[in-house]
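Trainee: Generate coordinates for the sequence data below:
(chains A, B, C and D)
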Protein chains: 2
Amino acid sequence: MPVNIIIYEDNANLRESLRSLLSLAGDYQVTASFPDCTEVALRVKEHKPDVILMDIDMPGINGIEAVKKIREFDTNVQIIMLTVFDDNTHVFEAMYAGANGYLLKKYVSDKLIHAIREVLDGGAPMSPTIARMVISNMQQPGATVPGNDYQLTIREKETLQLLSRGNSFKMIAADLGISIDTVRTHIKRIYDKLHVRSQIEAVSKAINEKIV
Amino acid sequence: MPVNIIIYEDNANLRESLRSLLSLAGDYQVTASFPDCTEVALRVKEHKPDVILMDIDMPGINGIEAVKKIREFDTNVQIIMLTVFDDNTHVFEAMYAGANGYLLKKYVSDKLIHAIREVLDGGAPMSPTIARMVISNMQQPGATVPGNDYQLTIREKETLQLLSRGNSFKMIAADLGISIDTVRTHIKRIYDKLHVRSQIEAVSKAINEKIV
DNA sequence: CTTTTCATCCCTCAATCAGGTGACACATCA
DNA sequence: TGATGTGTCACCTGATTGAGGGATGAAAAG
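Mentor: The predicted structure follows:
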């Protein structure tokens, strides 16, 4: 069964190049291709592709918006962004929107077939510089080393979790089946360990450093 | 000028395989290899490698700890993790610690040379499944439906931001140059709009839905 | 067997916060 | 011009929280 692919690319030459590149490779069937994203949801539902190749810079709805729309109803179709942009705004927006891969156009001829194979195998094809950007992005907030669990005890972690979800001391006490005073004690110890002095600081630290 | 590489790998067979794989490829020089990470900082400083291949599971100091130690004094050396673990704890810890690439051992023979080339070119080589994990991790916080900014006004967003960073009303008032009662008003409106009833709920919602 | 850690509970006091109500200036917009 | 939205400020009440204490028992570690 061939892999069904639809293409969104406003440049007619490139669109046809992609189509022929894929048809020559065998096992790939471009069931449709479009120069813009009007009715993107309808069209995707209609063609039920396995893979979507999506340009970013298109007239009307751009590729990132299109990905968001598609992800509202389909989280399975594999979407590879195909673009000339390698600045981090575009890359991260695309990733957050729900793209599975991100190929720079200059690598397309070499890597497209490979990338399609890879998304179908559950991978996330990315051009090298893109991969580096993604990693750097992860490392930013990771100035806080995970493993810094601040030696919280189990009970303290539970308390912090409930606190982070917006519970009052009273609710935490009820939830854990202990007295409110015990909750207060746990909270105090948590403050000591996290070096904070209020709920919000603790919660903010807990969420940002994913202790919870 | 050949690429200088040092290897950390406790399995003697694999260590030698890597060494011969690299020597056969030409242009790569394994200047040292070690079965464990004792004195890792000293050794790296001594050999000044271009690339470090780092196993994770080693006796004594594990590879992730070693990466942290190395990154304390050298942010330029390219480090590729070389491991059998593909669970997300190990992957993310390694990434946060400062690894540049993450290759599963089963792909080593095929991809090692390519991966070394790639880190040196500023890329971030990853096995496909690893790349997918990294991307999924990025998409988690973005799972929140976009467009939900709850119609907060500029001032309310500022207030919420300061609140999320752990400031008290008093501090927010000082920061914004307004009276504490005004802060209270803003906060109250924020509560209404976010449908919450406390600081923590607001902060937790704000962070999780990345309004701030 | 003693010490430490964890989890539990209690008390007090001052500070902070939530919820309510009301007011005023300013800008925009219908 | 009048309605609406925004940003500002004030006062009040009751509840919650933060910061200090201190205390007990069970379990783990030494």
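Trainee: Could you list every helix and strand in contact with the worst-scoring helix or strand of chain A on mean pLDDT?
Mentor: Within chain A, no helix or strand scores below helix A:128-139, which has a mean of 75 by mean pLDDT, DSSP states H and E. Contacts defined by 3 or more Cβ pairs under 8 Å, 6 or more residues apart in numbering or on different chains; DSSP states H and E place helix A:128-139 against helix A:88-97, strand A:101-104, helix B:88-97, helix B:128-139. Every residue, glycine included, has its C-beta placed from N, CA and C.
Trainee: So what angle separates the directions of the last one and helix A:128-139?
Mentor: In this structure, helix B:128-139 runs at an angle of 50 degrees to helix A:128-139, with axes from the mean of the first three to the mean of the last three Cα atoms, to 10 degrees as the basis.
Trainee: Any chance you could list what contacts helix B:128-139?
Mentor: Outside helix B:128-139, the residues that touch it by Cβ atoms under 8 Å, 6 or more residues apart in numbering or on different chains are A:92, A:95-96, A:98-100, A:118, A:121-126, A:131, A:134-135, A:137-138, B:86, B:88, B:91-92, B:95, B:102, B:104, B:126.
Trainee: List, one by one, the residues from chain A near DNA strand D.
Mentor: A:168-170, A:184-185, A:187-188, A:191, A:197-199 (Cβ under 7 Å from any atom of the strand).
Trainee: Now with 10 Å, please.
Mentor: A:163, A:166-173, A:180-185, A:187-192, A:196-203 (Cβ under 10 Å from any atom of the strand).
Trainee: coming back round to it: pull out the buried members of the contacts of helix B:128-139.
Mentor: Neighbour counting over those (16 or more other Cβ atoms under 10 Å in any protein chain shown) leaves A:92, A:95-96, A:98-100, A:118, A:123-126, A:131, A:134-135, A:137, B:91-92, B:95, B:102, B:104, B:126 as the buried ones.
Trainee: sorry, back to before: which one, of the helices and strands packed on helix A:128-139, ends up nearest to DNA strand C?
Mentor: Closest to DNA strand C of those, according to Cβ to the nearest atom of the strand: helix B:88-97, at 21.8 Å.
Trainee: Output the contacting helices and strands for that closest one.
Mentor: With contacts taken as 3+ Cβ pairs under 8 Å, 6+ apart, helix B:88-97 sits against helix A:128-139, helix B:63-71, strand B:101-104, helix B:128-139.
Trainee: could you redo these as JSON lines and give each row distance to B:I5?
Mentor: Formatted as JSON lines, the helices and strands packed on helix B:88-97 follow (distance: least, Cβ to Cβ, whole Å):
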{"stretch": "helix A:128-139", "distance to B:I5": "19"}
{"stretch": "helix B:63-71", "distance to B:I5": "14"}
{"stretch": "strand B:101-104", "distance to B:I5": "13"}
{"stretch": "helix B:128-139", "distance to B:I5": "21"}
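Trainee: if we can go back for a sec, which ones among the residues of chain A next to DNA strand D also lie next to DNA strand C?
Mentor: Filtering those for proximity to DNA strand C by Cβ under 10 Å from any atom of the strand leaves A:168, A:173, A:180-185, A:188-189, A:197-200.
Trainee: ChimeraX command to pick out the buried ones of the residues you listed?
Mentor: Buried subset of those, written as a ChimeraX selection, criterion 16+ other Cβ under 10 Å:
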select /A:168,173,182,183,199,200
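Trainee: Show me where chain A dips below the pLDDT cut-off.
Mentor: The model of chain A has pLDDT under 70 over residues A:88-89, A:137-149, A:210-212.
Trainee: ok, back up a step: from the ones next to DNA strand C among the residues of chain A next to DNA strand D, which land in helices?
Mentor: A:173, A:180-185, A:188-189, A:199-200 (DSSP state H).
Trainee: In a markdown table, list those residues along with distance to A:E65.
Mentor: Listed next are these as a markdown table, based on distance: Cβ to Cβ, whole Å:
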| residue | distance to A:E65 |
| --- | --- |
| A:A173 | 46 |
| A:I180 | 48 |
| A:D181 | 52 |
| A:T182 | 50 |
| A:V183 | 45 |
| A:R184 | 48 |
| A:T185 | 50 |
| A:K188 | 48 |
| A:R189 | 47 |
| A:Q199 | 38 |
| A:I200 | 34 |
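Trainee: and of those, the nearest to A:C37?
Mentor: A:I200 (41.2 Å; Cβ to Cβ).
Trainee: All the strands of chain A, residue numbers only.
Mentor: Listed from the start of the chain, chain A has strands (DSSP state E) covering A:3-8, A:28-34, A:51-54, A:78-83, A:101-104.
Trainee: in its sheet, what does the second one sit against?
Mentor: With DSSP bridges as the test, strand A:28-34 is paired with strand A:3-8 (parallel).
Trainee: For stretch A:192-202, report the contacting residues that lie outside it.
Mentor: With Cβ under 8 Å, 6+ apart as the test, stretch A:192-202 has contacts from A:150-152, A:156, A:160, A:163, A:187, A:190-191, A:205-206, B:163-164, B:166-168, B:199-200, B:203.
Trainee: Close to DNA strand C: what parts of chain A are there?
Mentor: Selection of chain A residues close to DNA strand C by Cβ under 10 Å from any atom of the strand yields A:151-159, A:168, A:173, A:176-186, A:188-189, A:193, A:197-200.
Trainee: Between the helices and strands packed on helix B:88-97, which one is closest to B:Y28.
Mentor: Nearest to B:Y28 among those is strand B:101-104 (15.3 Å), distances taken as Cβ to Cβ.
Trainee: Touching that closest one from outside, list them.
Mentor: Identification of contacts with strand B:101-104 by Cβ under 8 Å, 6+ apart yields B:78-84, B:86, B:91, B:94-95, B:111-112, B:115, B:118-119, B:123-127, B:129-130.
Trainee: Look up how far A:H114 lies from the closest residue to A:E65 other than its chain neighbours.
Mentor: The shortest distance from A:E65 to any non-neighbouring residue, by Cβ to Cβ, 6 or more residues apart in numbering or on different chains, is to A:C37 (7.3 Å). For A:C37, the distance to A:H114 equals 26 Å [Cβ to Cβ, to the nearest Å].
Trainee: Of these two, which one has the most company?
Mentor: Shown here are A:C37 and A:H114; by other Cβ atoms under 10 Å in any protein chain shown, A:C37 has more neighbours (24 against 13).
Trainee: thought the more buried one was touching A:Y8?
Mentor: Yes. Applying Cβ atoms under 8 Å as the test, A:C37 and A:Y8 come out as touching, 6.1 Å apart.
Trainee: any residues in contact with both of these two?
Mentor: Common neighbours of A:C37 and A:Y8, counting by Cβ under 8 Å, 6+ apart, are A:58, A:63, A:66.
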